[in-house]
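Trainee: Quick one, fold the following:
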Amino acid sequence: MTCSLGAIPITTPFILAPMAGGTDLPFRLLCKEYGAGLCYSEMIDCRGLVSQQRDCLELLLTNAAEQPVVMQLYGRDPATMGEAAAILSEHPVAGIDINMGCPMEKVVQTGAGAALMKNPRLAEQIITAVCKNSKKPVSVKIRSGWNQHTITAPEIARIAEGAGAHAIAIHARTWSDGFTGPIDHEVIRQVMESVAIPVIANGDITSHEQGVALLKKIGCAGVMIGRAALGAPWIFSRGVNQHPSMAYRIKALQRHLELAEIHLAPEPNLSKIRNHAWKYFRGTTNGPAVRRQIDAATTYPELRTCIDTLAEQLLRQ
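Mentor: Purely as a prediction, here's the structure:
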């Protein structure tokens, strides 16, 4: 099965997953430069979008260089989700995604995110409302189920397809699993057998090679990479060392900072940028020391000086 979103072809089956606090425009652009075929935004609260809250509107920032991009909505009220989809449809996005996989307590407590995996009727109402009001293709990101006793992914996938969704992305863990334990490839296969629309596999893909292996193993339309891409956008690049040198890491980070300077207000977003920055040094010998330096930066210029100094030190070695 080829990877596409409605009539929109995706150049490669490697896709950046939506991550709150992670997949802002600068990072999406960076992942696109490293080969991601499609990028998903941070999740957007449908109520905030409908009421035009500033923080939600800021999440809509995009440009031509990152297209195609999918913006993700979350919420539990079908009418509000439909209204938000209509608003989002007027923006330059390739598609709209419905979040039915977020395990965060503050999201689940409202009945949104992964809580919808135990409420198929409400899930159907939400997907129907979004598809009816969207001018753009709709995807749905789900989990295996609520817990190991309620594996509802195949049922929800059938509901989504019937309601008009164009693709399914499945994180093959339940809500109760969180981000731990093995990925259930059998559930992904069951979802693939349940629908005719593209199915994208998500969860614990930590290298480009692993993504290729999963595509071959189960024949899914695409693989979606989330946490493993943070601080490692090269995961989308074929033939690149997945454990690169410090020089390679710093060069990638410097490009990330350049994009942040162009597309964000660096000073108000210092905490977010700093959180991205230290991840580039995970797993390295001097990673903890570098993180301490990054965390000590109290202004964006200090952070930039810290990274540029590290680059200069490497050049002198």
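Trainee: Listing partners with orientation, what would you give for the lengthiest strand in the chain?
Mentor: When secondary structure is assigned using DSSP state E, the longest strand within the chain turns out to be strand 138-147. Strand 138-147 has the following strand partners under DSSP bridges: strand 95-100 (parallel), strand 150-151 (antiparallel), strand 167-174 (parallel).
Trainee: Export those as a markdown table, with columns for distance to residue 22.
Mentor: (Glycine included, C-beta is placed from N, CA and C.) Compiled in a markdown table, the strands paired with strand 138-147 are given as follows (distance: least, Cβ to Cβ, whole Å):
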| stretch | distance to residue 22 |
| --- | --- |
| strand 95-100 | 14 |
| strand 150-151 | 27 |
| strand 167-174 | 15 |
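Trainee: Quick check: residue 201 touching residue 218?
Mentor: Yes. Residue 201 lies in contact with residue 218 (Cβ atoms under 8 Å); the separation is 6.7 Å.
Trainee: Looking at these two, which is more packed in?
Mentor: The residue with more neighbours, out of residue 201 and residue 218, is residue 201; 31 against 16, by other Cβ atoms under 10 Å.
Trainee: thinking again about what came up before, need the CA coordinates for the longest strand of the chain. CSV is fine.
Mentor: Coordinates of each C-alpha in strand 138-147 appear next as CSV, following Å, rounded to 0.1, in the frame of the first residue of the first chain:
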residue,chain,number,x,y,z
VAL,A,138,-8.7,13.7,7.7
SER,A,139,-6.5,11.2,9.5
VAL,A,140,-7.1,9.7,13.0
LYS,A,141,-4.3,8.9,15.4
ILE,A,142,-5.3,6.1,17.8
ARG,A,143,-3.9,3.7,20.3
SER,A,144,-4.4,-0.1,20.6
GLY,A,145,-7.1,0.5,23.1
TRP,A,146,-7.7,1.7,26.7
ASN,A,147,-6.0,-1.3,28.3
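Trainee: Which residues are in contact with residue 192?
Mentor: Going by Cβ atoms under 8 Å, 6 or more residues apart in numbering, residue 192 touches 199, 218, 219, 220.
Trainee: host element of it?
Mentor: Residue 192 belongs to helix 185-194 when elements are defined using DSSP states H and E.
Trainee: can you give me the helices for this structure?
Mentor: Counting by DSSP state H, the chain has helices at residues 25-33, 46-50, 54-58, 78-89, 105-108, 120-133, 153-163, 185-194, 208-218, 246-263, 270-279, 287-296, 300-316.
Trainee: mind giving me the domain ranges of the chain?
Mentor: 4-236, 246-316 (automatic domain parsing).
Trainee: How far off centre is the longest one?
Mentor: So that's domain 4-236. Centroid displacement of domain 4-236 relative to its chain, using Cα atoms, centre = their mean, to the nearest Å, is 7 Å.
Trainee: And the helices of the chain: which comes nearest residue 146?
Mentor: Proximity to residue 146, assessed across the helices of the chain by Cβ to Cβ, is greatest for helix 105-108 (9.5 Å).
Trainee: Identify the contacts common to residue 201 and residue 218.
Mentor: With Cβ under 8 Å, 6+ apart applied, the overlap between the contact sets of residue 201 and residue 218 consists of 185, 188.
Trainee: which residues sit in contact with residue 174?
Mentor: Applying Cβ under 8 Å, 6+ apart, one finds that residue 174 lies in contact with 117, 143, 144, 145, 146, 147, 148, 150, 151.
Trainee: for the stretch 1-150 of the chain, what are the low-confidence residue spans?
Mentor: Where the stretch 1-150 of the chain drops to pLDDT under 70, the residues are 1-2.
Trainee: Give me the neighbour count for the closest residue to residue 298 other than its chain neighbours.
Mentor: Using Cβ to Cβ, 6 or more residues apart in numbering and skipping the chain neighbours, the partner closest in space to residue 298 is residue 270 (8.0 Å). A total of 19 residues lie near residue 270 under the criterion other Cβ under 10 Å.
Trainee: Surely residue 270 touches residue 295?
Mentor: No. In this structure, residue 270 is not within contact of residue 295 by Cβ under 8 Å, at 11.0 Å.
Trainee: hang on, the earlier thing: what sits against the residue nearest to residue 298?
Mentor: Under the criterion of Cβ under 8 Å, 6+ apart, the neighbours of residue 270 are 297, 298, 299, 300, 303.
Trainee: Quick check: closest non-adjacent residue to the first one.
Mentor: Distance criterion Cβ to Cβ, 6+ apart; nearest residue to residue 297, sequence neighbours excluded, is residue 303 at 3.9 Å.
Trainee: now what about stretch 154-164, what contacts it?
Mentor: Applying Cβ under 8 Å, 6+ apart, the external contacts of stretch 154-164 come out as 100, 116-117, 120, 123-124, 127-128, 131-132, 138, 140, 142, 168, 170, 187, 190-191, 193-197, 199.
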